[in-house]
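Peer 1: my questions concern the predicted model and sequence given below.
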Amino acid sequence: MSLRILVIVAHADDIEFGIAGSIARWTDEGHQVTYCIVTDGAAGSNAPDADLEELVRTREAEQRQAAAVVGVSDVRFLGYPDGMLQHTLELRRDLTRLIRELKPHRVVCADPTLVFAGNFYINHPDHRAAAEAAVYATFPSAGTRPIFRELLAEGYEPHDVDELWTMFSDHADTVVDVSATIERKVEALLCHRSQVGPEVADMVRKWAAEEGQKHGYAFAETFRVIKLKDEQAQLQTQEAAQAAAD
């Protein structure tokens, strides 16, 4: 059965650093994937003379190119200011609207609880803000009729998401073998030429190899998966969808 998957992240290139290998595998399997990039990417340069409006256009183009490498053609940009994102009701409503529009089986976002990654990285606050808004848009907002009633007037009926997958989690419980797609992940990441150079290729291969070694694969990506519907309910939903298609 083909699934609809919505991936929500703060910045252009977050997906490529994190889970583009899984995305490539999912699209190869016939699933429909949509990207939602929450911020405009304008904080992606520290140059005093940077043309930030041009940078926004460049980063959108890079993201579309990167998405195409792994089989994704539907990329949405919400345009929130880069570097200053907060989990507001406005943002949660925008994500709720998108979930109700697309009606995904699976929503993927970062883990909003991650603050420190080992002793070498402080998680970007935009990552946490986008992830927290995505989590609460997924549940309870997307499926609850009285929340954001203005969306009903716009024609967006409630939708219950089956699964929430979080990446960059310290509590991962699900492994995706990306051995066959790791080079497409690297190719997609290198599309972000305004942000990265060739040196990142070995870095992301190393990360994926370390995850793979833990689980018996050459390369892997990991997630924490929250099942919002029990397996019996999911089976009934799938059977109903199949019956409707037949």
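Peer 2: Sure thing, it's come through. Just so we're clear, the structure is a prediction, and the values are computed from it rather than from any experiment. Numbers count the residues shown, from 1 in each chain.

Peer 1: which intervals of this structure have sub-threshold pLDDT?
Peer 2: Across the chain, the ranges flagged by pLDDT under 70 are 230-246.

Peer 1: helix or strand right after the longest helix seen in the chain?
Peer 2: In the chain, with assignment by DSSP state H, the single longest helix is helix 52-69. Counting by DSSP states H and E, the next helix or strand C-terminal to helix 52-69 is strand 74-80.

Peer 1: quick check: phi and psi on G71?
Peer 2: Reported as degrees, to the nearest 10, the phi and psi values for G71 are phi 90, psi 20.

Peer 1: for it, give me its contacts.
Peer 2: Applying C-beta atoms under 8 Å, 6 or more residues apart in numbering to G71 gives the contacts I23, A24, T27, D28, V33. Every residue, glycine included, has its C-beta placed from N, CA and C.

Peer 1: closest one of these to D170?
Peer 2: Closest approach between these and D170, by C-beta to C-beta: I23, at 21.8 Å.

Peer 1: so which elements touch the helix or strand hosting A130?
Peer 2: Using DSSP H and E, A130 falls within helix 125-136. Counting contacts by 3 or more C-beta pairs under 8 Å, 6 or more residues apart in numbering; DSSP states H and E, helix 125-136 packs against strand 4-9, strand 32-39, helix 89-102, strand 106-110, strand 163-167.

Peer 1: from A133, how far out is the spatially closest residue to A12 that is not a sequence neighbour?
Peer 2: Sequence neighbours aside, Q63 is the residue nearest to A12 in space, at 3.9 Å (criterion: C-beta to C-beta, 6 or more residues apart in numbering). Using C-beta to C-beta, to the nearest Å, Q63 is found at 19 Å from A133.

Peer 1: I am finished for the moment; much appreciated.
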